[in-house]
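Asks: Sequence and predicted structure, then a few things I'm wondering about:
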Amino acid sequence: MSARPSSPGEVASLRPMREQDVDGVFAVERRSYEFPWTAGIFRDCLRADYIAWVLDVDGAIAGYFLVSLAAGEAHVLNICVAPEHQGRGHGKRLLRALLHVARSRGAQRVFLEVRPSNRGAIAMYDKEGFNEIGRRPRYYPARDGREDAVVMAMELLPPD
């Protein structure tokens, strides 16, 4: 699947997430997932001082990521691009920003879980240097019960 370029004149930027962004982030989350996080979870992540950034496209939130960082390890909690903005390279842009921020804050490796059914995300992670290291049985809620998670990891080189 080829990525559509950003629309002509589209202005996209990344910045740290703020409390006032939660409603917009939650709106993207609800449009993107059958089993979305609650707005309260996003607020809790901000209060816990997790790394949280948003992708702003033409003044509206089009995506975001949240990462916890401890003991030299980053764990991707959530990374999402609104359905109407997918296929334009925004997911890769978010992931690369996430990796840059994690590396600059001392992370030596990054872990994430992804649904096996999310083939597009798995392909992106693989292409960006992640490797599958295991599975978590029955990790995600699913329409017909539970879905496993593919666990992926990436070693980070120190910042230049």
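Replies: The structure has been received and is ready for your questions.
Asks: Now do stretch 98-113: distance to the chain's middle.
Replies: Relative to the centre of its chain, stretch 98-113 is centred 12 Å away, using CA atoms, centre = their mean, to the nearest Å.
Asks: Tell me where the chain has helices.
Replies: If DSSP state H is used as the criterion, the helices of the chain fall at 22-32, 39-47, 90-104, 119-127.
Asks: Same list (those) but as a markdown table, adding distance to residue 67 and mean pLDDT.
Replies: For the C-beta atoms, the positions are set from N, CA and C on the backbone; glycine is no exception. Formatted as a markdown table, the helices of the chain follow (distance: least, CB to CB, whole Å; pLDDT from 0 to 100):
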| stretch | distance to residue 67 | mean pLDDT |
| --- | --- | --- |
| helix 22-32 | 14 | 97 |
| helix 39-47 | 9 | 97 |
| helix 90-104 | 6 | 96 |
| helix 119-127 | 14 | 95 |
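Asks: Which among the ones you listed is found nearest to residue 76?
Replies: Closest to residue 76 of the helices of the chain is helix 90-104 (CB to CB; 6.7 Å).
Asks: what does the closest one contact?
Replies: Helix 90-104 has contacts (CB atoms under 8 Å, 6 or more residues apart in numbering) with 3, 12, 14, 51, 53, 55, 57, 62-65, 67, 69, 74, 76, 79, 81, 110, 121, 124-125, 128, 154, 156-159.
Asks: My read is that residue 153 contacts residue 109, right?
Replies: Yes: under the criterion of CB atoms under 8 Å, residue 153 makes contact with residue 109 at 5.9 Å.
Asks: between these two, who's got more neighbours?
Replies: Neighbour totals were compared for residue 153 and residue 109, and residue 153 leads with 17 against 13 (other CB atoms under 10 Å).
Asks: ok, now how distant is the more buried one from residue 28?
Replies: Look at residue 153 and residue 28: by CB to CB, to the nearest Å, they are 26 Å apart.
Asks: okay, and for the protein, where does confidence drop off?
Replies: For the chain, the stretches with pLDDT under 70 are 1-9, 159-160.
Asks: Was I right to think residue 152 contacts residue 130?
Replies: Yes: contact status for residue 152 versus residue 130: in contact at 4.1 Å, counting by CB under 8 Å.
Asks: sorry, back to before: now the contacts of helix 90-104: which count as buried?
Replies: Among these, those buried by neighbour count (16 or more other CB atoms under 10 Å) are 12, 14, 51, 53, 55, 57, 62-65, 67, 69, 74, 76, 79, 81, 110, 121, 124-125, 154, 156.
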